[in-house]
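Undergrad: requesting a structural model of the entry that follows:
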Amino acid sequence: MTVDLPAIAANWASLRDRHRAMGGGETGAAVKADAYGLGAAEVAPALAAAGCRHFFVAHAAEGMAVRAALGPGPTIAVLNGFAPGTDEDAALTPVLNSPGDIAAWAGTGAAAILHIDTGMARLGLSSAETAALAENPSPLAGLNLLCVMTHLACADDPAHPLNSEQAARFAAARARLPAAPFSFANSSGLFLGAPFASGLARPGCALYGLNPTPGRPNPMRPVVRLEVPVLQLREIPAGTPVGYGATWTAPRPSRIATVAAGYADGYLRSLSGHATARFKDRDVPLVGRVSMDLTTFDVTDHPTIAPGSMIELIGPGTAPDDVAARAGTIGYEVLTSLGARYRREYLRAA
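TA: Model prediction:
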């Protein structure tokens, strides 16, 4: 598994420039879920070297790992929040998602981010809770409110009416609350135009090469390449079934390659019978079921493949979004599922 750190930095710089052109301010980076499965300990310093000063994680433990990689200085915000009075207090910034969170941190003098729900019905203050806080903002006293944030639900669908509805709801809520910077756009939100600019954008998936504009050409540089070795070749006659459940039967005399990756490595079982890999820029069809540690491909039309040959599961010809489409899921799941058994190599700037 090869991760191109300069490509990640270039993607961040491209999104930063786009946000500035929209009239926005700073651009942070979501490095939650171990930087979408690519290794936050390597990715976060590469982004910091490119100029990123604001990082977002899901859990406090993730935040502490990123702080260890970055050292002091950059803001590391914990989207799921955490309780005061812990070792994380001095190192991380809590996101306050409920009146209970606000009450817990009130008077501590801590830097914090306030989250308002404008359409996700997930984390964040509800409209009623936001209205109550606007009527009595005293619980915010003693907090260093870095910004007020919300999260777009449908940004990857530019025509969805909820985008403009969330923008209007967010503007109305901010107008009633004490003045503070605000944070709005995620990766796809940065392609919705000036109404979605803010003081701090929070891109995630686009940093890692996923397409923030589904249905249109991907504006981001590819980041990940995943190649796995052929362990064994098997010549089989027509009519021979392959793999668990005998779901695929050879229609002709065939040559089957078994490779060292399976669903325990994040190569999703739902790819069974649907995926193609690549060898020397040519498609190699997956046959049979993906099993825990092994997957089988029909390499009858690839006579040069031998034991030890590397077959590309993700790469220039097999983008994570393409793999996801064949698995009936999204590129996020493909990347964050990549297992710990892959040997990771990081490309660095020259």
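Undergrad: could you use CA atoms for every contact and neighbour count after this?
TA: OK.
Undergrad: could you check the longest strand anywhere in the chain and say which residues are buried?
TA: In the chain, taking DSSP state E as the definition, the longest strand is strand 224-236. Neighbour counts using 16 or more other CA atoms under 10 Å place 224-230, 233 of strand 224-236 among the buried residues.
Undergrad: need the strands for the stretch 151-300 of the chain, in chain order.
TA: 182-183, 200-201, 224-236, 241-242, 248-249, 254-259, 276-279, 282-285, 295-298 (DSSP state E, counting those that start in this stretch).
Undergrad: could you dump these to CSV with mean pLDDT and distance to residue 167?
TA: Listed next are the strands of the stretch 151-300 of the chain as CSV, based on pLDDT from 0 to 100; distance: least, CA to CA, whole Å:
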stretch, mean pLDDT, distance to residue 167
strand 182-183, 96, 11
strand 200-201, 98, 14
strand 224-236, 97, 33
strand 241-242, 97, 53
strand 248-249, 97, 50
strand 254-259, 98, 48
strand 276-279, 96, 40
strand 282-285, 96, 44
strand 295-298, 98, 46
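Undergrad: those: which one's closest to residue 42?
TA: Residue 42 sits nearest to strand 224-236 of all the strands of the stretch 151-300 of the chain, at 13.6 Å, using CA to CA.
Undergrad: any chance you could map the helices in the stretch 51-200 of the chain?
TA: 60-70, 99-105, 127-135, 161-176 (DSSP state H, counting those that start in this stretch).
Undergrad: out of these, nearest to residue 328?
TA: Among the helices of the stretch 51-200 of the chain, helix 161-176 sits nearest to residue 328 (CA to CA), with 24.3 Å.
Undergrad: next one: residue 154 relative to residue 185, how far apart?
TA: 11 Å (CA to CA, to the nearest Å).
Undergrad: again with residue 239
TA: Distance of residue 239 to residue 185, given as CA to CA: 54 Å.
Undergrad: of those two, who's got more company?
TA: Using other CA atoms under 10 Å as the criterion, residue 239 and residue 185 rank with residue 185 on top: 27 against 13.
Undergrad: ok, and the closest non-adjacent residue to residue 279?
TA: residue 311 (5.4 Å; CA to CA, 6 or more residues apart in numbering).
Undergrad: assumed that neighbour was part of a strand.
TA: Yes - counting by DSSP: H, G, I helix; E, B strand; the rest coil, residue 311 is found in a strand.
Undergrad: which residues does it form a beta bridge with?
TA: Residue 311 has these beta-bridge partners by DSSP bridges: residue 228.
Undergrad: confidence score at it?
TA: Residue 311 carries a pLDDT value of 97.
Undergrad: so residue 119 touches residue 154, yeah?
TA: No - here residue 119 lies out of contact with residue 154, judged by CA atoms under 8 Å, at a distance of 9.3 Å.
Undergrad: got any ranges where this structure has weak pLDDT?
TA: Across the chain, the ranges flagged by pLDDT under 70 are 350.
Undergrad: can you give me the strands for the stretch 1-150 of the chain?
TA: Under DSSP E, counting those that start in this stretch, the stretch 1-150 of the chain gives strands at 2-4, 26-27, 29-30, 54-57, 75-78, 93-96, 111-115, 144-149.
Undergrad: and the fourth one, what does it pack onto?
TA: Contacts defined by 3 or more CA pairs under 8 Å, 6 or more residues apart in numbering; DSSP states H and E place strand 54-57 against strand 29-30, helix 32-37, strand 75-78.
Undergrad: next up, the contacts around the residue nearest to residue 251 when sequence neighbours are not counted.
TA: What sits nearest to residue 251 in space, not counting adjacent residues and going by CA to CA, 6+ apart, is residue 238, at 5.3 Å. Shown in contact with residue 238 (CA atoms under 8 Å, 6 or more residues apart in numbering): 249-254.
Undergrad: now flag whichever of the residues you listed is closest to residue 265.
TA: For these, the nearest to residue 265 is residue 249 (25.2 Å; CA to CA).
Undergrad: surely that closest one meets residue 240?
TA: Yes - shown here, residue 249 and residue 240 form a contact pair, counting by CA under 8 Å, at 5.4 Å.
Undergrad: that older thread, make a markdown table out of the strands of the stretch 151-300 of the chain and add distance to residue 81.
TA: Converted to a markdown table, these look like this (distance: least, CA to CA, whole Å):
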| stretch | distance to residue 81 |
| --- | --- |
| strand 182-183 | 16 |
| strand 200-201 | 18 |
| strand 224-236 | 30 |
| strand 241-242 | 48 |
| strand 248-249 | 48 |
| strand 254-259 | 41 |
| strand 276-279 | 40 |
| strand 282-285 | 44 |
| strand 295-298 | 40 |
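Undergrad: would you format the strands of the stretch 1-150 of the chain as CSV with mean neighbour count included?
TA: Below are the strands of the stretch 1-150 of the chain laid out as CSV (neighbours: other CA atoms under 10 Å):
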stretch, mean neighbour count
strand 2-4, 20
strand 26-27, 22
strand 29-30, 27
strand 54-57, 24
strand 75-78, 24
strand 93-96, 26
strand 111-115, 23
strand 144-149, 20
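Undergrad: of the ones you listed, which is nearest residue 278?
TA: strand 2-4 (15.7 Å).
Undergrad: the closest one: how far from the chain's middle?
TA: Chain-centre distance of strand 2-4: 15 Å, with CA atoms, centre = their mean, to the nearest Å.
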